[in-house]
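>>> Sharing a sequence plus its predicted fold:
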Amino acid sequence: MIVEERKGLQNNVIQNLVLENRGKLSISGVLDVLSFDDQVVIVETELGLLTVKGEDLRINKLSIDTEEVIIEGEISSMNYSEKDMEKKAGSLLGKIFK
């Protein structure tokens, strides 16, 4: 994706990441939770895939209606990657509604 396309994509999207004391992460603009365990959570956001790493991670709130996820635990890193990367696991919601 070239820089001009990326700027155009981000102008219409507002996403908030609020990290409180490295223990509680609130994310808005979430489209889906792709994978999670106690060390890694991968969420699909409007701005790309967001990988959250840490220890004792758990999803405390998941609302697709409000596009919000709250992750709690000892958070050590957050990293964005492009949306079109190969998904490591099936969709959480897809698994729930099968």
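Yep, that arrived.

>>> For Val69, give the beta-bridge partners.
Ile27, Leu62 (DSSP bridges).

>>> Report pLDDT for it.
Note on Val69: pLDDT of 96.

>>> residue contacts, it?
Ser26, Ile27, Val30, Val33, Val43, Ile59, Lys61, Leu62, Ser63 (C-beta atoms under 8 Å, 6 or more residues apart in numbering). For the C-beta atoms, the positions are set from N, CA and C on the backbone; glycine is no exception.

>>> what about the residue positioned nearest the centre of the chain, helix or strand, and which?
Centroid-nearest residue in the chain: Val43, 2.9 Å away (criterion: C-alpha atoms, centre = their mean). Using DSSP states H and E, Val43 sits in strand 40-45.

>>> And that strand, what does it pack against?
strand 30-36, strand 48-63 (3 or more C-beta pairs under 8 Å, 6 or more residues apart in numbering; DSSP states H and E).

>>> Next, format those as CSV and append distance to Gly73.
Output for the helices and strands packed on strand 40-45, formatted as CSV (distance: least, C-beta to C-beta, whole Å):
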stretch, distance to Gly73
strand 30-36, 11
strand 48-63, 4
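
>>> Can you tell me which of these is most buried?
Greatest average neighbour count among the helices and strands packed on strand 40-45 goes to strand 30-36 (a mean of 18), per mean count of other C-beta atoms under 10 Å.

>>> Let me know the angle separating that one from strand 40-45.
160 degrees (axes from the mean of the first three to the mean of the last three C-alpha atoms, to 10 degrees).

>>> and strand 30-36 with strand 48-63, angle?
100 degrees.

>>> returning to that earlier point: pull out the buried residues from the strand holding Val43.
For strand 40-45, the neighbour count (16 or more other C-beta atoms under 10 Å) marks Val41, Ile42, Val43, Glu44, Thr45 as buried.
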